[in-house]
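# Okay, predicted coordinates and the sequence, questions at the end:
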Amino acid sequence: MKVAMWYNNGDIRIEEQPLCPPGPGEMIVKVISCGICGSDVVEWYRLPRAPLVQGHEIGAVVVETGAAVEKFKTGDRVFIAPKVPCLQCRYCRNGHFPQCTGVKERLPGGFAEYILVSERLLEQGAYLLPDSISFDQGTFIEPLACVVRSQAVAGLHGGESVLVLGCGMAGLLQIQLAKRRGCRIVATDIDPGKLKRAASLGADLTIPAAEDVPERMKEFLRGKADAVFLCTSALPAVVQAWSAVDKGGAVVFFAVPGPEKPVTIPINTFWTQEVRVLTSYYCGPPDIEESMRLLAAHAIEVDSLITHRFPLSETAKGFQLVLEGRAALKVIIQPHEQRSESCAPCMDQ
Ligand SMILES: [Zn+2]
Ligand SMILES: [Zn+2]
């Protein structure tokens, strides 16, 4: 079978790999859709494991099951989490599922024609896709689950004022979820087209990132934000976050600037203001379940976020688009399709 082997963002090769038959408790799935995640193009984060087949946002169909598999059958449409927690260690018991290292195995990458799913991931990480979730929509399960988790980390319960810095795919999901919770939302980006999308998906005010964001936000909200979500790796956004967060509020690093760009926290100010500086990374089983409920009910709009679909042979092009960030929101690789497709006409026009 063919896989897209990632050496770095500028070197992605289509390679041939053997596909082993499933063991008794294993299954093989055919990858129909696999989303490129913003984190897939972060070289400092991915390079230590390179070369590797990336892709952890999959919509797939079961094509072969081992003799002992009862949970799934050929033809089942599935989503499979890229890794699963042990559910027994102290991290798991405290809900810090992403910190669990109890289960070493990971799902092989989805930028491949097929995936051999191990028994552990089959039992614990595989979910049947409801009929109302298409394969393409299924690629949003994991990213939306991460967003669900980050808003839980921030302690959002509804009605707060929220600032979303960066309106790429993650930012647009943050906006929609916060909107559902009745939050007032201000959103920023450098790209006017993304700001238009943010407004159409629920942002009450959008501000070009180059402007005085904290000031304009304060005029609109008549105060500062209860929660600030950093959904960009741009360093100026971090500085904006510091002056935009209200006393008792939270700044959540959903994206980070990168190791070469150190961040200074105004901790003396935050000490007296009891501002929480938080990080949110990956998701856990409850977040995946909540994400699937939201997508199954079409409570979060994702179709219009898909800007490009590419066959496996054009994975490199997809990565380039995500890296450039401007024209692309969600780029999906469809390993069994032959033609590329641009969709969701730009709202700039
Ligand atoms: Zn992801
Ligand atoms: Zn654990």
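Done, it's in. Ligands and ions are numbered 1, 2, ... in the order given.
# Now the residue of the chain most remote from its centre. Nearest residue, chain neighbours left out?
In the chain, the residue that sits farthest from the middle, by CA atoms, centre = their mean, is A67; the gap is 34.0 Å. Nearest non-adjacent residue to A67, counting by CB to CB, 6 or more residues apart in numbering: P24, 5.0 Å away. Quick note: C-beta positions are derived from backbone N, CA and C, even for glycine.
# My guess is that neighbour contacts S118. True?
No - the criterion here is CB atoms under 8 Å, and P24 misses it with S118 at 11.7 Å.
# okay, the two: which has more neighbours?
Neighbour count, other CB atoms under 10 Å: between P24 and S118, S118 has more, with 20 against 10.
# List the residues that contact the nearest residue to the more buried one once chain neighbours are set aside.
Closest residue in space to S118, ignoring its immediate chain neighbours: E105 at 5.4 Å, by CB to CB, 6+ apart. E105 makes contact with K83, S118, R120, L121, according to CB atoms under 8 Å, 6 or more residues apart in numbering.
# I am assuming the third one contacts V84, so please confirm or correct that.
Right, R120. Yes - here R120 reaches V84: they are 6.7 Å apart, a contact under CB under 8 Å.
# Find residues that contact each of those two.
Listed as contacting both R120 and V84 by CB under 8 Å, 6+ apart are V103.
# ok, back up a step: now do the phi/psi pair for the residue farthest from the centre of the chain.
phi -60, psi -30 (degrees, to the nearest 10).
# So it sits against E26, correct?
No - in this structure, A67 is not within contact of E26 by CB under 8 Å, at 10.0 Å.
# shared neighbours of those two, which are they?
Going by CB under 8 Å, 6+ apart, no residue sits against A67 while also sitting against E26.
# Can you list the neighbours in contact with the strand or helix carrying C92?
Assigned by DSSP states H and E, C92 belongs to helix 90-93. Residues outside helix 90-93 that contact it (CB under 8 Å, 6+ apart) are P85, C86, F97, Q99, C100, G102.
# if you average pLDDT over it, what comes out?
Helix 90-93 carries an average pLDDT of 98.
# who touches the residue nearest the centre of the chain in this structure?
In the chain, the centroid-proximal residue (CA atoms, centre = their mean) is P143; its distance is 2.6 Å. With contact set as CB under 8 Å, 6+ apart, P143 has these partners: G35, C37, E57, M169, A170, L173.
# Now do the first one, the pLDDT please.
At G35, the predicted lDDT confidence score is 98.
# what about K83, neighbour count?
When counting by other CB under 10 Å, one arrives at 19 neighbours for K83.
# Grab the nearest non-local neighbour of it.
Leaving aside its sequence neighbours, K83 sits nearest to R106 (CB to CB, 6+ apart; 4.8 Å).
# Just say helix, strand or coil for the one you found.
coil (DSSP: H, G, I helix; E, B strand; the rest coil).
# do you know how far it is from G325?
Using CB to CB, to the nearest Å, R106 is found at 26 Å from G325.
# can you pull the pLDDT of the residue nearest to S118?
E105 is given a pLDDT of 93.
# ok, how many other residues are close to P286?
Using other CB under 10 Å, P286 has 14 neighbouring residues.
# next one: the helix or strand containing it to chain centre, how far?
Using DSSP H and E, P286 falls within helix 285-296. In this view, helix 285-296 has its centroid 13 Å away from the chain centroid, taken as CA atoms, centre = their mean, to the nearest Å.
# Name the residue in R120 and V84 with the higher neighbour count.
More crowded of R120 and V84, by other CB under 10 Å: V84, with 24 against 16.
# Make sure the more buried one is actually in contact with L122.
No - counting by CB under 8 Å, V84 stays clear of L122, with 10.1 Å between them.
# The worst-scoring helix or strand of the chain on mean pLDDT pairs with which strands, parallel or anti?
For the chain, counting by mean pLDDT, DSSP states H and E, strand 341-342 ranks last in confidence among helices and strands (a mean of 80). Strand pairing for strand 341-342, using DSSP bridges, gives strand 306-311 (antiparallel).
# interface residues of the stretch 51-200 of the chain facing ligand 1?
Residues of the stretch 51-200 of the chain lying near ligand 1 by CB under 5 Å from the ion: P143.
# Quick one: name the residues of the stretch 51-200 of the chain near ligand 2.
P85, C86, C89, C92, C100, G102.
# One more pass at 8 Å, please.
Listed as neighbours of ligand 2 in the stretch 51-200 of the chain under the rule CB under 8 Å from the ion: 85-93, 97, 99-103.
# Now, of those, which are buried?
P85, C89, Y91, C92, F97, C100, V103 (16 or more other CB atoms under 10 Å).
# got the contact list for the first one?
It refers to P85. Per CB under 8 Å, 6+ apart, neighbours of P85: Y91, C92, F97, P98, C100, G102, V103, G284, P285.
# What of I185?
Listed by CB under 8 Å, 6+ apart, the contact partners of I185 are S161, V162, L163, V164, I175, A178, K179, G202, A203, D204, L205.
# What of K261?
For K261, the contacting residues are L235, by CB under 8 Å, 6+ apart.
# That one and ligand 1, how far apart?
K261 is 21 Å from ligand 1, where distance means CB to the ion, to the nearest Å.
# Noted, bye for now.
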